[in-house]
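>>> 3D, please:
(2 chains)
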Amino acid sequence: MIVLIFKVLLIIILFVISLGVAAYATYGERKVAAFMQDRIGPDRAGPFGILQPIADGVKLFVKEEIIPNVSDKLLFILGPCIFMITALMTSAVIPWGTPMVYEGTVLKLQVADINIGILYVFGVVSLGVYGIMIGGWASNNKFALLGAVRASSQMISYELAMGMSLIAVIMMNGSLSLTDIVDQQKGLNWNIWYQPLGFIIFLICAFAECNRTPFDLPECETELVGGYHTEYSSMKLGLYLFAEYINMFISGAVISCLYFGGYNFPGLEYLSSVLNPNLVAVISFGALFTKALFFVFFFMWIRWTIPRFRYDQLMKLGWQILLPLSIVNVLLTGAGLTIFSK
Amino acid sequence: MQRLQIKKDMMQLTNRSKVVSNKEMSFKEKLYIPAILSGMGVTFKHMFKKSVSLRYPEVTREFSPVYRGMHVLKRDEQGRENCTACGLCAVACPAEAITMDAAERNKGEENLYREEKYAAKYEINMLRCIFCGLCEEACPKDAIYLTDRIVPTEYKRNNFIYGKDVLVEKIDERIDITKRKKEYTID
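Take a look at the predicted model:
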């Protein structure tokens, strides 16, 4: 019973945190963009513009909701819903911190500790393509369709290289469960030191999966008006934009779990021997949260540094460079494992 | 090779021109990652630079002392209009933006106009005006000056023709033009 209540609570908390992070990531994005371009950024709503996301949210809610006559109404509404749901579902398998203890019961800070956690993440992320594809198709607009086609082909192409770079991590850690992968990276024994090439490939693919610059061709304003969400307005557009930021946050968390030790940080073991386990759980959650937020910042940092790829360059990079490189990385990892395990 | 020679012989206006080369990129350049990292360094450095933006309605950027904005028709210390409708400003105006009608001062109007002749109508078309300041230079009576006020926007073109009601300074709110006053103006 305690476990059930705890899981429900955890789901609600994760839900709120994801949405809060997404809301403030929009603010963060605008601020980071402003600072990088020697501007001030939003600073009217509240001190330093801290209430800007709320103002934006209210604006999106009260805006007129337009559903095009020629669109497929059911699918048109379904598109952003699927995108949002898949974005929120991904956080279920991420181990957010060390276990908590309540009246002798050990409570894992993880909604579902399934032994194929990382496969689950991949499956759900791939489902996200449906949100974009359905939305773009149902809009009955050539720009939306083009954006959707670009998005889905891009995501499918980069998922291959991503999966291959992930295989190297799975080979090293010998498990598909995210809990096991994180547990093996105690202290500073992070996977990044063993898998630098794999990390770079994974990171580039994560950019492509999140449709972020330099791979933001699906919503490339200069060519496609707004890409797959051209016809969307009001909160349905808001859901698409929010889900994109949630995706960024979750992929930041997944990258941290896979390559940067998840909630591990040097001194965690000492702390857990001294402090109350519940407090340690909160601190370790803070560590993972900081890492994930750093990656959100990193995504923005890249966005304001690199221009967009051309579509053929995007495909060339994915198929001719990243995929072979990730296969080489798997071979290298295998060779390294056989040499060093003896 | 010959094209290069021509390029060198061409007149150089700046020293910033570079010869474009289409040479093969080296392996390091093909990796792109060093270039991306240095680009990220540039953007990161800019995060700590001082912002050039101003919070506009509260803070306004300071105008240069030689800024030429909306005109003012000055009054003297006793509040009498300086302008005598001599028409030199209208003659000097390269955009032909100024028109005026002269009138003779009647008895009892000595406190309104400084000299016997005054401008009954004085209009500047702000859409024609190029804010060159030649009217100010032409004026022998210290009557017209360009100030650091900005001409506001309007919806109708007619509203841009400013009459004396806008141009002449109010007696109780004088406009400071000491910045624009030159030593050689005849007083």
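
>>> hey, let's count contacts and neighbours off CA atoms from now on
OK.

>>> tell me which element the closest residue to chain B within the stretch 101-250 of chain A falls in.
Per Cα to the nearest Cα, A:Ile200 is where the stretch 101-250 of chain A lies closest to chain B, at 9.8 Å. Take DSSP states H and E as the rule and A:Ile200 turns out to sit in helix A:196-209.

>>> what's the answer for A:Val280, then?
If you go by DSSP H and E, A:Val280 is part of helix A:277-303.

>>> show me what that helix is packed against.
Helix A:277-303 sits against helix A:2-36, strand A:100-102, helix A:234-259, helix A:268-274, helix B:33-47, with contacts defined as 3 or more Cα pairs under 8 Å, 6 or more residues apart in numbering or on different chains; DSSP states H and E.

>>> for the next helix or strand after the second one, buried residues please.
It stands for strand A:100-102. Next helix or strand after strand A:100-102 toward the C-terminus (DSSP H and E): strand A:105-107. Neighbour counts using 16 or more other Cα atoms under 10 Å in any protein chain shown place A:Leu107 of strand A:105-107 among the buried residues.

>>> what's the average pLDDT for strand A:105-107?
Per-residue pLDDT over strand A:105-107 has a mean of 79.

>>> so A:Val3 makes contact with A:Leu107?
Yes: A:Val3 is within contact range of A:Leu107, at 6.6 Å (criterion: Cα atoms under 8 Å).

>>> need the contact list for the residue nearest the centre of chain A.
The centroid of chain A falls nearest to A:Ser251 when counting by Cα atoms, centre = their mean (2.5 Å). A:Ser251 sits next to A:206, A:292 when contact means Cα atoms under 8 Å, 6 or more residues apart in numbering or on different chains.

>>> quick one on the thing from earlier: relative to helix A:277-303, how tilted is the helix holding A:Ile200?
On the basis of axes from the mean of the first three to the mean of the last three Cα atoms, to 10 degrees, helix A:196-209 is oriented at 70 degrees to helix A:277-303.

>>> phi first, then psi, for the spatially most central residue of chain B.
Nearest to the geometric centre of chain B sits B:Arg68, at 3.8 Å (Cα atoms, centre = their mean). The phi/psi pair for B:Arg68 (degrees, to the nearest 10) reads phi -120, psi 110.

>>> stretch B:53-67 close to chain A?
Yes: Stretch B:53-67 reaches chain A (Cα under 8 Å from any Cα of the partner chain) through B:Ser53.

>>> now what about that stretch, what contacts it?
Looking at what lies outside stretch B:53-67 - Cα under 8 Å, 6+ apart - the contacts are A:38-40, B:147-148, B:179-180.

>>> before we move on, what about stretch B:169-184?
B:65-66, B:72-75, B:79, B:145-147.

>>> what of stretch A:135-151?
By Cα under 8 Å, 6+ apart, the surrounding residues in contact with stretch A:135-151 are A:68, A:70-73, A:75-80, A:129, A:132-133, A:211, A:217-220, A:224-231.

>>> for chain A, what lies in contact range of chain B?
Within reach of chain B by Cα under 8 Å from any Cα, chain A has these residues: A:32, A:35-40, A:301-302, A:304-306.

>>> tell me where the model's unsure across chain B.
In the predicted model of chain B, residues B:1-12, B:182-187 satisfy pLDDT under 70.

>>> and it, which residues reach chain A?
So chain B meets chain A at B:36, B:39-40, B:43-53 (Cα under 8 Å from any Cα).

>>> before we move on, back to that, next SSE downstream of the helix holding A:Val280?
Next element after helix A:277-303 (DSSP H and E): helix A:311-316.

>>> would you mark the buried spots in whichever helix or strand comes after that following helix?
Note on helix A:311-316: by DSSP H and E, the next helix or strand toward the C-terminus is helix A:323-340. Neighbour-count burial for helix A:323-340, with 16+ other Cα under 10 Å as criterion, is recorded at A:323, A:325-330, A:333.

>>> what's around the residue lying closest to A:Pro99 once chain neighbours are set aside, how many residues?
Of all residues not flanking A:Pro99 in the chain, A:Lys108 sits nearest, at 4.3 Å (Cα to Cα, 6 or more residues apart in numbering or on different chains). Neighbour count of A:Lys108, defined by other Cα atoms under 10 Å in any protein chain shown: 21.

>>> do I have it right that A:Lys108 meets A:Met100?
Yes: the pair A:Lys108 / A:Met100 is scored as a contact, 6.2 Å apart, by Cα under 8 Å.

>>> ranges for the helices of chain B?
Listed in chain order, the helices of chain B (DSSP state H) span B:2-9, B:27-31, B:33-47, B:88-92, B:134-138, B:164-167.

>>> dump those to TSV, plus mean neighbour count.
Formatted as TSV, these follow (neighbours: other Cα atoms under 10 Å in any protein chain shown):
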stretch	mean neighbour count
helix B:2-9	10
helix B:27-31	10
helix B:33-47	15
helix B:88-92	19
helix B:134-138	20
helix B:164-167	14
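
>>> what sits up against the helix holding A:Ile200?
A:154-155, A:158-159, A:161-162, A:165-166, A:168, A:192, A:213-216, A:251, A:255, A:259, A:299, A:322, A:326, A:329.

>>> now, of those residues, which are buried?
By 16+ other Cα under 10 Å, these give A:154-155, A:158-159, A:161-162, A:165-166, A:168, A:192, A:213-216, A:251, A:255, A:259, A:299, A:322, A:326, A:329 as buried.

>>> now do the lengthiest strand in chain B: which elements does it pack against?
When chain B is parsed with DSSP state E, its longest strand is strand B:117-125. Counting contacts by 3+ Cα pairs under 8 Å, 6+ apart, strand B:117-125 packs against strand B:98-104, strand B:161-162, helix B:164-167.

>>> and the ones you listed: which comes nearest B:Ser17?
Nearest to B:Ser17, of all these, is strand B:98-104, at 46.2 Å by Cα to Cα.

>>> got the buried residues for the closest one?
B:98-100, B:102.

>>> no further questions, thank you.
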